[in-house]
Structures are given as structure tokens and as C-alpha cells.
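> Okay, predicted coordinates and the sequence, questions at the end:
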Amino acid sequence: MSATITLYTHPWSRGRMARWMLEECGTDYEVEVLQFGTSMKAAGGGGCRNSPHRSRI
């Protein structure tokens, strides 16, 4: 059984390095191209450790 990796990237991002690594390893992968803006933001408005919206307890 072989799993396929999905690489979420933007054409101008550092994701091309990860894609190069996947090619070198011969790994099966799919590329999901994201545009800057809403499609690159995490659902729920979080995800960033230093986000000003994250509560500091």
C-alpha cells in the first residue's frame, strides 16, 4: 500500500524545495497550488504561534 503526499504550495514560495526533495526521493505526490490570501489561511483563524489574536494565558 502506497500513500500519496499532497504538497500545498504557492508557485513563488519555498515549496519548490520540498517538491524537488519529493522528486529526488521518487515519492508519489500531488501538488495543490494555493493563491495568496484566504486560501492560505488556516480554518478557524489560528495556526500562528505569534498571532496577535492568540490569547496569552
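Right, received. Where do you want to start?
> How about Ala3: what's its closest non-neighbour residue?
Asp28 (7.8 Å; Cβ to Cβ, 6 or more residues apart in numbering). For every residue, glycine as well, the C-beta is placed using N, CA and C.
> Which stretches in the chain count as helices?
15-25 (DSSP state H).
> circling back to that earlier point, ok, the residue nearest to Ala3 touching Thr4?
Yes - with contacts defined as Cβ atoms under 8 Å, Asp28 counts as touching Thr4 at a distance of 4.8 Å.
> So the residue nearest to Ala3 versus Leu22, what's the distance?
Distance, Asp28 to Leu22, by Cβ to Cβ, to the nearest Å: 9 Å.
> more crowded one of those two?
Neighbour comparison, Asp28 and Leu22: the larger count goes to Leu22, with 15 against 10 (by other Cβ atoms under 10 Å).
> if we can go back for a sec, okay, and the common contacts of Asp28 and Leu22?
With contacts defined as Cβ atoms under 8 Å, 6 or more residues apart in numbering, the residues adjacent to both Asp28 and Leu22 are Ile5.
> Now do the residue nearest to Tyr8 when sequence neighbours are not counted, the pLDDT please.
Residue nearest to Tyr8 in three dimensions, not counting chain neighbours: Glu32, with 4.8 Å by Cβ to Cβ, 6+ apart. As summarised for this prediction, Glu32 has a pLDDT of 91.
> Next, count neighbours for Glu32.
Around Glu32 sit 9 other residues, with neighbours defined as other Cβ under 10 Å.
> for the protein, what are the low-confidence residue spans?
For the chain, the stretches flagged by pLDDT under 70 are 1-2, 38-57.
> Which parts of it are strands?
Ranges of strands in the chain, per DSSP state E, are 5-9, 29-33.
> Tell me which of these is the most buried.
Greatest average neighbour count among the strands of the chain goes to strand 5-9 (a mean of 14), per mean count of other Cβ atoms under 10 Å.
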